[in-house]
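Novice: Requesting a structural model of the entry that follows:
(one chain, ligands or ions: 2)
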Amino acid sequence: MTSSILISPSILSADFARLGEEVRAIDEAGCDWVHIDVMDGHFVPNITIGPMVVKALRPHTQKPFDVHLMISPVDLYLDAFAQAGADIITVHPEAGPHIHRTVQHIKSLGVKAGVVLNPGTPAKMLDYLIDDIDLILIMSVNPGFGGQSFIENQLRKIEACRKMIDKSGRDIRLQVDGGIDLVTAPKAIVAGADVLVAGTATFRGGPSAYADNIRKLRGG
Ligand SMILES: O=C(CO)[C@H](O)[C@H](O)COP(=O)(O)O
Ligand SMILES: [Co+2]
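Specialist: Numbers count the residues shown, from 1 in each chain. Ligands and ions are numbered 1, 2, ... in the order given. Below is the predicted model:
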């Protein structure tokens, strides 16, 4: 397991009228992954983008597409997002009837599989998934919108998941998503996170600020 901190800007805070340019700009600004928030207006109270947009963005960067699915039922759409160019697909246990089966399905598509824990979902949910997943995503806000405040008690869950990962001996990334800024990023890193999703804090100030924003979030 590498200890370097990865930054995955959430394009939810990008200019949707210029999404391709925005993806190229965060790539050039030094992001590690591109976080794509997919929302259906049913699992969460917001609607964003689908596989056609993911496919359209794919030629704009070679950085991994980190696709966070907030849709239910989720299983029906896994193949479409894999074919559109997702490198990592993260799913909420509440978004389908059989999370273990969903993880196996993602892996069968040759895509890395992540499980997302909402603020009210306990780390224990992962007890029988830890042997199969590549990433754990801790939501530090309730899913659905960018620009919300970090829920501090999720730091305890990050610590608990870090222990689980270390005990497993597996190469699993620990990602945190929601309200990450220059105050909360260091707290999440100290608690054990190694991938930071940041929408508002990356896109603040427009393209000329992206490189500085990403460097500062990384702690540089
Ligand atoms: O999954 C999400 C919301 O459901 C987003 O990734 C998250 O909110 C990022 O936005 P911000 O950094 O502005 O909080
Ligand atoms: Co997200």
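
Novice: drop to CA atoms for contacts and neighbour counts, all remaining ones
Specialist: Will do.

Novice: And the helix ranked longest in the chain, what's buried?
Specialist: Longest helix in the chain, counting residues (DSSP state H): helix 154-168. Neighbour counts over helix 154-168 (16 or more other C-alpha atoms under 10 Å) mark 154-155, 157-162, 164-165 as buried.

Novice: Then stretch 136-153?
Specialist: For stretch 136-153, a neighbour-count test (16+ other C-alpha under 10 Å) marks 136-146, 150 as buried.

Novice: quick one: is that stretch near ligand 1?
Specialist: Yes. Stretch 136-153 reaches ligand 1 (C-alpha under 6 Å from any ligand atom) through 143-148.

Novice: which stretch of helix or strand covers Gly20?
Specialist: helix 19-28 (DSSP states H and E).

Novice: which residues are contacting that helix?
Specialist: The contact list for helix 19-28 (C-alpha atoms under 8 Å, 6 or more residues apart in numbering) reads 9, 11, 14-15, 34, 56-57, 60-61, 63, 207, 210-211.

Novice: Tell me the secondary structure at Met39.
Specialist: Put simply, Met39 is strand when judged by DSSP: H, G, I helix; E, B strand; the rest coil.

Novice: Can you verify my assumption that it contacts Val74?
Specialist: No. Met39 sits out of contact with Val74 when judged by C-alpha atoms under 8 Å, with a separation of 10.7 Å.

Novice: what's the spacing between the nearest residue to Thr61 once chain neighbours are set aside and ligand 1?
Specialist: Leaving aside its sequence neighbours, Thr61 sits nearest to Arg24 (C-alpha to C-alpha, 6 or more residues apart in numbering; 6.2 Å). Arg24 is 18 Å from ligand 1, where distance means C-alpha to the nearest ligand atom, to the nearest Å.

Novice: Same check on Ser4?
Specialist: Separation of Ser4 from ligand 1 (C-alpha to the nearest ligand atom): 20 Å.

Novice: what do you get for Ile88?
Specialist: Taken as C-alpha to the nearest ligand atom, the span from Ile88 to ligand 1 is 14 Å.

Novice: how many other residues sit next to that residue?
Specialist: 23 (other C-alpha atoms under 10 Å).

Novice: pretty sure it is touching Pro64, no?
Specialist: Yes. The criterion here is C-alpha under 8 Å, and Ile88 meets it with Pro64 at 7.4 Å.

Novice: Mutual contacts of the two, please.
Specialist: Common contact partners of Ile88 and Pro64 (C-alpha under 8 Å, 6+ apart): none.

Novice: Can you list the residue ranges for helices in the chain?
Specialist: Applying DSSP H to the chain gives helices spanning 19-28, 51-57, 78-84, 99-108, 154-168, 184-191, 200-203, 210-217.
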